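Chemist: just to be clear, the model below is a prediction. Sequence and coordinates:
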Protein chains: 2
Amino acid sequence: MRMLDDRDPQALSVLRVLFSHTGRAQVIGITGNPGSGKSTLTSRLIAHYRAQGSKVGVVAVDPSSPYSGGAILGDRIRMMDHASDPGVFIRSLATRGALGGLSRATNDVVHVLDAMGHDVVLVETVGVGQDEIDIVRTADTTVVVLVPGLGDDIQAIKAGILEIADVFAVNKADLDGAERTVGDLRGLQMLLTRMPPWLPPIVRTVAARGEGVAELADRIADHSAFLQASPAATERRVARARFVVTSLVRETVGDAAERWLHDSAAGQQVLADVVARRTDPFAAAEAALAATAARG
Amino acid sequence: MRMLDDRDPQALSVLRVLFSHTGRAQVIGITGNPGSGKSTLTSRLIAHYRAQGSKVGVVAVDPSSPYSGGAILGDRIRMMDHASDPGVFIRSLATRGALGGLSRATNDVVHVLDAMGHDVVLVETVGVGQDEIDIVRTADTTVVVLVPGLGDDIQAIKAGILEIADVFAVNKADLDGAERTVGDLRGLQMLLTRMPPWLPPIVRTVAARGEGVAELADRIADHSAFLQASPAATERRVARARFVVTSLVRETVGDAAERWLHDSAAGQQVLADVVARRTDPFAAAEAALAATAARG
């Protein structure tokens, strides 16, 4: 397939070699709304794993802001506590772009950090939207961070978030309403899950003071041990590989079609025909597919 | 291309015929965080356009919840005020699924409502994540709804949201901090935009009491008039067509690859090889592409 080679060929060959050295790191996704304190919690987890002698890689993803790591996101600055520690590697990703581009880029960086020999790779992302859900889907264990009294309580606990959580952290657990949030969460778990092999534990944390971080790390380790012992581990790895491969297919073919529509005279004509309703988007998609496949 | 025919052929042929009847409706995107009151605002806009004699279609999108329109989303219930009005057609979409599936589904429904002769189509969506940004990208005019004192103020005003807004509504403008939110927004506009042909106006609304709704509709009409008179209108339609066609390509090719990886013995073998690091995701993507293209 010529299309896959449209990427920078040198970067591609590096990634392909790298991939054979991956699969050793424990990949932990940490997701939550803005203001949930997930960056502080991530920073505390870094310190925890470093104290155990682990090499830690961090990927901080903020798809909607070009300022990640800069002045506008104060929370991120706290993570820079670790910036001078050679055992910690932090990479911010903020590229918004083609559909699926961000989750692919995240996955590439996770592979690089894994191949570099990091024992733990933390992937921190805002917990809303398909792109973010896709990102945490590539993690071994996903921590969903909630805070007491966030907006409309139960409404804020999105069903999608429930599905992806392996461990819940109710952060800022010293605030009023923490027990209600824990209770709501348990209620929703009872409502929606039917005797799962793994019931996500709920850990109370106060990240700003480091409280509950050791317990959170223990519950993450529990989940990791559960995965090792269960056929779910293999299923999860296969599902993850399927997701990664499918995303690559979508992206490469989609990007090639987009370039053809944008850059070629024939593509521009097809789009003009769609705008004028002389043709429909389905016929146009067929034309784009035929043109980009023929190019190879 | 055989792959495009993998969709229900009858639905496909209906959509293709429908498409030639589209392009007449004014499509208005309304986006904002949970709790911003955008559903109430949408409901008020419906009443406003109905009072002018317009037929109104509504697409309410909530990708992370299977409960849209149900009991859990109290806001949505208010929209049901209009459920018995034959001049209003409301459709909820909550399907999470393949990457890009939701924005494609939304686009299909917008086309159907357009072809049915609705003068105005309102598309209401949660304002975070790539999927949602892609959805509002298909609108003629996008209203971004903000509320005073939402979390970390400037942090909450994501740059991505700034980019997609044609009109801002600062809702719940009777709350403390409304003027600060308006001021922050203007400051950010000055910072990020360099003399644009259209500077998004900021309208103060109190949707619960219907205040500012007429002005909001006026500013939406201003943007519509601006688009008609400007070469930007054509550019926008071409960009939208390119997005729709590219999404179709991504989705059809990606879905075919995903099915092959999931269902065929050869596909399952390729995934097992990826998991065991005997092959890499790029080679696997090539194999999936070759297999699904050959099937046609």
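Modeler: Received it, and whenever you're ready, just let me know what you need. Residues are numbered from 1 along each chain as shown, chains lettered A, B, ... in the order given.

Chemist: switch to C-alpha atoms for all contacts and neighbour counts from now on
Modeler: Noted.

Chemist: the helices in the stretch 51-200 of chain A, which residues?
Modeler: Assigned by DSSP state H, counting those that start in this stretch, the helices in the stretch 51-200 of chain A fall at A:74-79, A:101-115, A:130-137, A:159-164, A:178-192.

Chemist: residue A:274 is in contact with residue A:285, isn't it?
Modeler: No. Using CA atoms under 8 Å, residue A:274 makes no contact with residue A:285, being 10.4 Å away.

Chemist: which strands and helices lie in contact with the helix or strand hosting residue A:254?
Modeler: Following DSSP states H and E, one finds residue A:254 within helix A:231-263. The contact analysis (3 or more CA pairs under 8 Å, 6 or more residues apart in numbering or on different chains; DSSP states H and E) places helix A:231-263 against helix A:101-115, helix A:265-275, helix A:281-294, helix B:231-263, helix B:265-275, helix B:281-294.

Chemist: flag the shaky bits of chain A, pLDDT-wise.
Modeler: A:1-11, A:62-84, A:93-102, A:127-133, A:150-161, A:192-195, A:294-296 (pLDDT under 70).

Chemist: the residue positioned nearest the centre of it: what's it in contact with?
Modeler: With distances taken as CA atoms, centre = their mean, residue A:135 lies nearest the centre of chain A, 2.5 Å away. Applying CA atoms under 8 Å, 6 or more residues apart in numbering or on different chains to residue A:135 gives the contacts A:103, A:106-107, A:125.

Chemist: check residue A:237 too.
Modeler: Contacts for residue A:237 (CA under 8 Å, 6+ apart) come out as residue B:275.

Chemist: next, count neighbours for residue A:108.
Modeler: 16 (other CA atoms under 10 Å in any protein chain shown).

Chemist: max pairwise distance over the contacts of residue A:135: which two?
Modeler: A:107 and A:125 (12.8 Å; CA to CA).

Chemist: okay, the two: which has more neighbours?
Modeler: residue A:125 (26 against 19).

Chemist: what are the ranges of the strands in the stretch 1-150 of chain A?
Modeler: A:26-32, A:56-61, A:88-93, A:120-126, A:141-146 (DSSP state E, counting those that start in this stretch).

Chemist: residues in contact with the first one?
Modeler: Spelled out, it's strand A:26-32. A:38, A:42, A:110, A:119-128, A:136, A:139-146.

Chemist: swap the cut-off to 7 Å and go again
Modeler: Contacts of strand A:26-32 from elsewhere in the structure, counted by CA atoms under 7 Å, 6 or more residues apart in numbering or on different chains, are A:38, A:119-127, A:136, A:139-146.

Chemist: go on, stretch A:110-124?
Modeler: Contacts for stretch A:110-124 (CA under 7 Å, 6+ apart): A:18-19, A:21-31, A:54-61.

Chemist: next one: the helix holding residue A:254 to chain centre, how far?
Modeler: Remark: helix A:231-263 is offset 15 Å from the chain centroid, using CA atoms, centre = their mean, to the nearest Å.

Chemist: what residues of it count as buried?
Modeler: Across helix A:231-263, burial judged by 16 or more other CA atoms under 10 Å in any protein chain shown covers A:233, A:236-258, A:260-262.
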